[in-house]
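Chemist: predicted model and sequence follow; I will ask about them next.
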Protein chains: 2
Amino acid sequence: MSLLVAKFGGTSLATSERVINVASRLVAYHEQGWDVVAVVSAMGKSTDDLLRLAKSVNQRPPARELDMLLATGEQVSMSILAMAIEALGVGAVSMTGAQVGIVTTNIHNKAKISEIKAERVFRALEQHKIVIVAGFQGVTREGDITTLGRGGSDTTAVALAAGLDAEVCEIYTDVDGVYTADPRLVPRARKLDEISYDEMLELAASGAGVLQMRSVEFARNHGVVIHCRSAFTNSTGTLVKEANTMEQAIVSGIAFDQSEAKVTLRNVPDHVGLAAEIFGNIAKAHINIDMIVQNISEHGYTDISFTSPINELERLRPVLDEAIKRLGVREYLVDESIAKVSLVGAGMKTNPGVAAKMFKVLAKNGVNIGMISTSAIRVSVVIEGEKTELAAQSLHTAFGLDSSDVFQETQLSGEELAAKAAKGR
Amino acid sequence: MSLLVAKFGGTSLATSERVINVASRLVAYHEQGWDVVAVVSAMGKSTDDLLRLAKSVNQRPPARELDMLLATGEQVSMSILAMAIEALGVGAVSMTGAQVGIVTTNIHNKAKISEIKAERVFRALEQHKIVIVAGFQGVTREGDITTLGRGGSDTTAVALAAGLDAEVCEIYTDVDGVYTADPRLVPRARKLDEISYDEMLELAASGAGVLQMRSVEFARNHGVVIHCRSAFTNSTGTLVKEANTMEQAIVSGIAFDQSEAKVTLRNVPDHVGLAAEIFGNIAKAHINIDMIVQNISEHGYTDISFTSPINELERLRPVLDEAIKRLGVREYLVDESIAKVSLVGAGMKTNPGVAAKMFKVLAKNGVNIGMISTSAIRVSVVIEGEKTELAAQSLHTAFGLDSSDVFQETQLSGEELAAKAAKGR
């Protein structure tokens, strides 16, 4: 019999009604003859509630205890989902990460899966039960509960799909698939029927938020087909899988990211190893940076620019202050009003000229380019934030991505529809 | 070094402030040189919230999944308490029932502890950590999470105290000990400095709600000294321990119970085995009954009365309806306006005449007695519910239990004080 792993995010499980909907969907699969394993996140915003509770007694909660606390969120949703399935007359059994045998490293709050011993899952499936597994959590060899960090539930699902040799790993979210661009910004965006792992990774890294990079990477490494779809409709979503080598789109999608700032270090003494020291210190502080650009040196000084997440600036400033004091950098400027626009497409590899065309389109529309970075299947540029929409739409049209349909209010995500419905009451 | 087990109920952990108070108390013990193990219930009313959530997806939640769900309540409070202790600079480690090694039978929702493997607790204590254990829960040999049912956290605490050979098992509640009577009904009630296991069991069985019978029984069987005290003050509470054989109070306490109804079966055919059949059917339906009284038979018929918890009447009625139809009982009457008043004291064994004195006192105060039952150290009578206060106070005075202090509003329980404070805001 074929096995299916289906992962449901917190939004899909936020209320009793939604839990019952998810239960019905799983029961339908079960009745079609599938072996069904569901992976769940914590209901709604309950993880945030638990974090708030932790902070109310300890501003810096110890990592082990935080994992102990946060793991309860998934334990609640999995048992509630199992109950909802049983109410529909089908046997269900929920399992914590420890019960499944999801063994992880002992780095609390961001553990990595080292092994999945799925005997219990197989035994339950043999008894024709639907198995519900807590996402996001595992257990160390010493028996301590761990969590996998951001995107952890997706990773649990993909890892289980790999470990159980599932036909497909369905990831249910509040949007109905991967789009050529965010439809809220580009109304003519098209849903993609499929996309390659590499393209998905580049899109995710460039700001498209549908799937977590870590789970896509895991899926690529283990050949797991991901079906990214909406928990609120029955329509087919987007398959993320091995690239179809016959025919590859030059540009599959456009991603935007307004969460980064541009930082410019002015008058950096042009000594060998000095940039390395500055970036070394930034790395030591675990601050992500991207798109480093260095100007040509003049009179023994140079300017260095890079981008960094706005929410890491607070930690970045002391590192840069020290660089000013100790290394003779004159000053640094921070521009938070930028946006990064990226074109992603596996076909770029064999079609030169994408970057040139991109620059031409942007120039024609009066969009200045601040910084550029590229990979084999991606071109990213930094532009003024207020021109994001203009840049996105003109590039979308120029690279032939426009749909004949225009995204309308009725195509809101499940979350938005639910919010709307709640207001209407 | 001496080891102390301290159990905190949900009320003592209902808010962050209270959790921090509990943490301070444990840290103070730790600094005095005690090895400290705390056992916690779920915070405030969170177990009720979880039950409501379960019912919203399944009116009869499967027992295994209900345990999985309810166990999260204690997991939240234990990790929050551990965080609060760490915030005070002392190492703490929380453990689920499974992690401690509290092995139970596999009867979900009311499992019994079959073994405690406390190696992990000892290891943590050797590292000078305060150990926080989830009350109310355990794990089957197959690795499934179980809960111990009503009063389960007290049982966990006493069982751990026995297993770890603790000096004392402190049970913190919202009242400051065991009283000669409920001070809200009998303002001159006195707090007892100590009480024997047997007396405590009889008081608990007769309606005094401070400690759960099951944990007292466990304590008696394993010789664990319980110190029942308030989480909201530092005053000494009541020690529950082996009876002091030198000097035993004739009456240690008076308990009241208004939660039962009196049921009378009228005109029961006086055949051998008929009463046995009726009570057999009641027992099969898992309905508790007490104080059975049978009148003298007349013309081949008799009346039988007994008491039963009001909240079990709904399940009792069909059993009695069947008795009417099938066994020729004429009818049954239910009186929910009764109260049971019990005198408990180990000294009764060697002091005859307690019952006689009790009846005389009640008669003098115009209180009619409906039913009587006794044990070696208890006399219980059923009276009209509205005379409970009068009966209680006059018995309390007559048996020399009155305190010179009168219970005042300032002696409210922590819960009541908190409610008052909340209103005052």
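Modeler: Structure received. Numbers count the residues shown, from 1 in each chain, chains lettered A, B, ... in the order given.
Chemist: can you list the low-confidence ranges for chain A?
Modeler: Residues of chain A meeting the criterion pLDDT under 70: A:1, A:245-247, A:407-425.
Chemist: quick one: the residue located most distally from the centre of it from A:Val272, how far?
Modeler: Using CA atoms, centre = their mean, the residue of chain A lying farthest from its centre is A:His299. It sits 43.9 Å away. Distance from A:His299 to A:Val272, counting by CB to CB, to the nearest Å: 17 Å. C-betas here are computed from N, CA, C, even on glycine.
Chemist: got it, and A:Gln32?
Modeler: Taking CB to CB, one finds A:Gln32 at 65 Å from A:Val272.
Chemist: ok, these two, which is more surrounded?
Modeler: Neighbours were counted for A:Gln32 and for A:Val272 using other CB atoms under 10 Å in any protein chain shown; A:Gln32 has more, 10 against 6.
Chemist: got a list of what the most centrally placed residue in chain A touches?
Modeler: The residue lying closest to the centre of chain A (CA atoms, centre = their mean) is A:Gln212, at 2.5 Å. A:Gln212 makes contacts with A:150-151, A:154-155, A:204, as judged by CB atoms under 8 Å, 6 or more residues apart in numbering or on different chains.
Chemist: of those residues, which pair is most distant in space?
Modeler: A:Thr155 and A:Ala204 (13.0 Å; CB to CB).
Chemist: look at these two and report which has more neighbours.
Modeler: Neighbour count, other CB under 10 Å: between A:Thr155 and A:Ala204, A:Thr155 has more, with 28 against 22.
Chemist: next secondary structure after the helix or strand encompassing the more buried one?
Modeler: Here A:Thr155 sits within helix A:152-163, counting by DSSP states H and E. Note on helix A:152-163: by DSSP H and E, the next helix or strand toward the C-terminus is strand A:168-173.
Chemist: pull up the pairing partners for that next one, direction included.
Modeler: strand A:3-8 (parallel), strand A:226-230 (parallel) (DSSP bridges).
Chemist: deepest of those strands, which one?
Modeler: strand A:3-8 (a mean of 25; mean count of other CB atoms under 10 Å in any protein chain shown).
Chemist: and the following helix or strand past it, what's buried?
Modeler: Scanning forward in sequence from strand A:3-8 by DSSP H and E, the next helix or strand is helix A:16-31. Residues A:16, A:18-23, A:25-27, A:29-30 are the ones in helix A:16-31 that count as buried (16 or more other CB atoms under 10 Å in any protein chain shown).
Chemist: isn't A:Ala205 right next to A:Met213, touching?
Modeler: Yes: with contacts defined as CB atoms under 8 Å, A:Ala205 counts as touching A:Met213 at a distance of 6.0 Å.
Chemist: contact partners for the closest residue to A:Glu119 other than its chain neighbours?
Modeler: Spatial nearest neighbour of A:Glu119, chain neighbours left out: A:Gly101 (6.9 Å); criterion: CB to CB, 6 or more residues apart in numbering or on different chains. Contact analysis of A:Gly101 by CB under 8 Å, 6+ apart lists A:115-120, A:139.
Chemist: show me what the helix holding A:Thr155 is packed up against.
Modeler: Packing partners of helix A:152-163 (3 or more CB pairs under 8 Å, 6 or more residues apart in numbering or on different chains; DSSP states H and E): strand A:3-8, strand A:35-40, strand A:102-104, strand A:113-116, strand A:130-134, strand A:137-139, strand A:168-173, helix A:213-222.
Chemist: same thing but at 7 Å, please
Modeler: When contacts are defined as 3 or more CB pairs under 7 Å, 6 or more residues apart in numbering or on different chains; DSSP states H and E, helix A:152-163 packs onto strand A:3-8, strand A:35-40, strand A:113-116, strand A:168-173, helix A:213-222.
Chemist: and the very next helix or strand once past the third one, how far out from the chain middle?
Modeler: Along the chain past strand A:113-116, the next helix or strand (assigned with DSSP H and E) turns out to be helix A:119-126. Relative to the centre of its chain, helix A:119-126 is centred 30 Å away, using CA atoms, centre = their mean, to the nearest Å.
Chemist: and helix A:119-126, what other elements does it pack with?
Modeler: Using 3+ CB pairs under 7 Å, 6+ apart, helix A:119-126 is in contact with helix A:97-100, strand A:130-134.
Chemist: pull the residues that contact that helix.
Modeler: Around helix A:119-126, the neighbours that count as contacts under CB atoms under 7 Å, 6 or more residues apart in numbering or on different chains are A:35, A:37, A:93, A:95, A:99-101, A:131, A:164.
Chemist: now do it against strand A:130-134, angle only.
Modeler: 150 degrees (axes from the mean of the first three to the mean of the last three CA atoms, to 10 degrees).
Chemist: any idea which of the contacts of helix A:119-126 is closest to B:Arg52?
Modeler: Distances from B:Arg52 to those, taken by CB to CB, are shortest for A:Val93, at 22.7 Å.
Chemist: is that closest one bridged to anything, and to what?
Modeler: Bridge pairing for A:Val93 - DSSP bridges - gives A:Val131.
Chemist: so it touches A:Val133, yeah?
Modeler: No: with contact defined as CB atoms under 7 Å, A:Val93 does not reach A:Val133; the gap is 9.9 Å.
Chemist: please, which helix or strand holds the residue in the stretch 101-250 of chain A that chain B sits nearest to?
Modeler: Using CB to the nearest CB, the closest approach of the stretch 101-250 of chain A to chain B is made by A:Gly143 at 5.9 Å. Following DSSP H and E, one finds A:Gly143 outside all helices and strands.
Chemist: also A:Val319?
Modeler: helix A:313-327.
Chemist: about what we covered before: deepest-packed of the helices and strands packed on helix A:152-163, please.
Modeler: For those, the highest mean count by mean count of other CB under 10 Å goes to strand A:35-40, at a mean of 28.
Chemist: that one versus strand A:3-8: what angle between them?
Modeler: Using the same axes, to 10 degrees: strand A:35-40 against strand A:3-8 is 20 degrees.
Chemist: identify the residues contacting strand A:35-40?
Modeler: Against strand A:35-40 from outside (CB under 7 Å, 6+ apart): A:1-8, A:13, A:26, A:29-30, A:74, A:77-78, A:81, A:121, A:125, A:130-135, A:153, A:156-157, A:160, A:164.
Chemist: helix, strand, or coil at A:Gly33?
Modeler: Secondary structure, DSSP: H, G, I helix; E, B strand; the rest coil: A:Gly33 is coil.
Chemist: what's it sitting at in phi/psi?
Modeler: phi 100, psi 0 (degrees, to the nearest 10).
Chemist: write out the residues of chain A neighbouring chain B.
Modeler: Taking CB under 7 Å from any CB of the partner chain, the part of chain A that reaches chain B is made up of A:16, A:19-20, A:53-54, A:56-58, A:61-62, A:65, A:68-69, A:72, A:75-76, A:79-80, A:82-84, A:86-87, A:94, A:99, A:143.
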